[in-house]
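[1] Could you look at this predicted model? Sequence included:
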Amino acid sequence: MTRLRTSIVCLALAGAVTGGAAFAPAPVAGAGSPPAVGAGSTTAMLSSSADEDPLFEQRRSYIETSRQYRRTRYGVDDWLKHRSPDRFFKNLANILSSGIYRGIVKEVLTVTSIASFIWAWNTFFGEGFTDLGGTHVDPILNLPLLSLPLTPFTLASPSLGLLLVFRTNASYGRWDEARKCWGLTINNSRNIARMATAWSSEAIEPNEEIRAQKLEHLADCIWAFPRSLARHMESPFTSEADYVADLRERLSPEHADGLIASAHRPNRALFDLANAVNDLPMHALRRNEIDKSIVVLGDQLGGSERLFSSPVPIFYTRHTARYLTAWLTLLPFALYEPFGSTYNHLGMVPAVTVLSLFLFGIEELAIQLEEPFSILPMLGYSGTIGTNAQEIVRWHFEEDTP
């Protein structure tokens, strides 16, 4: 019997240390290193080294590099899949590969390990356990049980829920505002291209080739602003090579050099756009109407910078994280007795793991949404704006245009 007890104690203590591993998402090959990115890709690329960038290791972590895969743009087929009645089962099946849950593995393992330790302590040092044959085995040392009453956690749950709701709502509001900024950028870029193309006057500039060159230059300037704005919202240690390559592919050397050398590239892009409009052959009153849309683009630039530079107040974020962490790490003490109906209270461990996974996941969602620009498909929006602008200016010279 003594050997049996000793073996059980060894197994229990080992489980207390590694008990959470059974509930953790399985590691994926290549985790912790940036995803492979092909040449000419519009996804963020790491172009720095550990010597240049003090946050290099954190920037190349999975939770950061995986943000590029959250830049979703939906079409008809995507909405059909989104509304699929099988979505519940598919979401459960993919839970182990979820980027959100992989980002909180350490937290979940910590809470699971605490729960495993409490279970092992109370089972082998507190009140004993019932073996598979139904016989009660006395504890080894008769130490006090590690437990807390459940009532304080019940009373604290509503306030914790409110904090998490406000936290996620505030973060989603920031994402929504950032998306609206880009929506207005797309709309006003189209307006500029449409008005400039329709109002370009043959009477003022009868040379069709010159007018075509000026309108093509305008389309390039329209594209350069959102492309520069997207670059402006990224780290100086990432994607610079992609940005430079895109400018040199699409713009004239002088135009590209001016943007690349500028300290504030979106401002320079707006300046170039205003000059391109001013150079078009049209009445001054019409040019003023176009300038109103350029002003709106400047407003969206300012709005994006405001969101990027001002997080949800840090004291609010930290208090919520501390509250949630304290609540979850102490919860196993209170759940030991309620799970007395399970075999030797063992159901407490997986229950705590699941609770911590979803509650920490809510807080992680808020963190992921708080900075929206790295999960918005800004390069996709920029490409759409450029394609639309080029198409609109070509309409002016089509023979079937009324």
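    Sure, I can see it. No experiment lies behind these values; they were computed from the predicted model shown. Residues are numbered from 1 along each chain as shown.

[2] Can you list the low-confidence ranges for the stretch 251-400 of the chain?
    Scanning the stretch 251-400 of the chain for pLDDT under 70 picks out 399-400.

[3] Just the helices from it, written as ranges.
    253-261, 265-278, 284-309, 314-335, 348-370, 378-395 (DSSP state H, counting those that start in this stretch).

[4] Throw these into a markdown table and include mean neighbour count and distance to residue 112, thanks.
    Where C-beta positions appear, they are placed from N, C-alpha and C, glycine not excepted. Shown next, in a markdown table, are the helices of the stretch 251-400 of the chain (neighbours: other Cβ atoms under 10 Å; distance: least, Cβ to Cβ, whole Å):
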| stretch | mean neighbour count | distance to residue 112 |
| --- | --- | --- |
| helix 253-261 | 15 | 50 |
| helix 265-278 | 20 | 46 |
| helix 284-309 | 16 | 36 |
| helix 314-335 | 16 | 9 |
| helix 348-370 | 20 | 5 |
| helix 378-395 | 19 | 38 |
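
[5] So which of these is nearest residue 176?
    Evaluated with Cβ to Cβ, these place helix 348-370 nearest to residue 176, the distance being 9.3 Å.

[6] Among the helices of the stretch 251-400 of the chain, which comes closest to residue 79?
    helix 378-395 (17.1 Å).

[7] Which strands and helices lie in contact with that closest one?
    helix 151-199, helix 208-232 (3 or more Cβ pairs under 8 Å, 6 or more residues apart in numbering; DSSP states H and E).

[8] contacting residues for residue 389?
    189, 190, 192, 193, 218, 219, 222, 223 (Cβ atoms under 8 Å, 6 or more residues apart in numbering).

[9] I'd assumed residue 278 was in contact with residue 214.
    No. When contacts are counted by Cβ atoms under 8 Å, residue 214 is not listed as touching residue 278 (10.5 Å).

[10] Give the residue spans of the stretch 1-150 of the chain that score low on pLDDT.
    1-51.

[11] So which residues of it form helices?
    Using DSSP H, counting those that start in this stretch, helices in the stretch 1-150 of the chain cover 2-18, 56-59, 62-65, 76-82, 87-93, 99-102, 105-121.

[12] which of the contacts of residue 389 count as buried?
    For those, a neighbour count by 16 or more other Cβ atoms under 10 Å gives the buried set as 189, 190, 192, 193, 218, 219, 222, 223.

[13] now the last one, nearest residue through space, not along the chain?
    The shortest distance from residue 223 to any non-neighbouring residue, by Cβ to Cβ, 6 or more residues apart in numbering, is to residue 386 (3.2 Å).

[14] what number of residues lie near residue 155?
    9 (other Cβ atoms under 10 Å).

[15] State the pLDDT value of it.
    Per-residue pLDDT puts residue 155 at 95.

[16] Surely residue 363 touches residue 320?
    Yes. Using Cβ under 8 Å, residue 363 makes contact with residue 320 at a distance of 6.8 Å.

[17] wait, isn't residue 317 in contact with residue 167?
    Yes. Counting by Cβ under 8 Å, residue 317 touches residue 167, with 7.3 Å between them.

[18] Output the contacts of residue 389 as a markdown table; include the columns distance to residue 382 and pLDDT.
    Formatted as a markdown table, the contacts of residue 389 follow (distance: Cβ to Cβ, whole Å; pLDDT from 0 to 100):
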| residue | distance to residue 382 | pLDDT |
| --- | --- | --- |
| 189 | 10 | 97 |
| 190 | 13 | 96 |
| 192 | 15 | 97 |
| 193 | 14 | 96 |
| 218 | 16 | 96 |
| 219 | 13 | 96 |
| 222 | 10 | 97 |
| 223 | 7 | 97 |
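
[19] now the helices of the stretch 251-400 of the chain in CSV, with distance to residue 180?
    Conversion of those to CSV gives the following (distance: least, Cβ to Cβ, whole Å):
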stretch, distance to residue 180
helix 253-261, 26
helix 265-278, 17
helix 284-309, 9
helix 314-335, 23
helix 348-370, 14
helix 378-395, 12
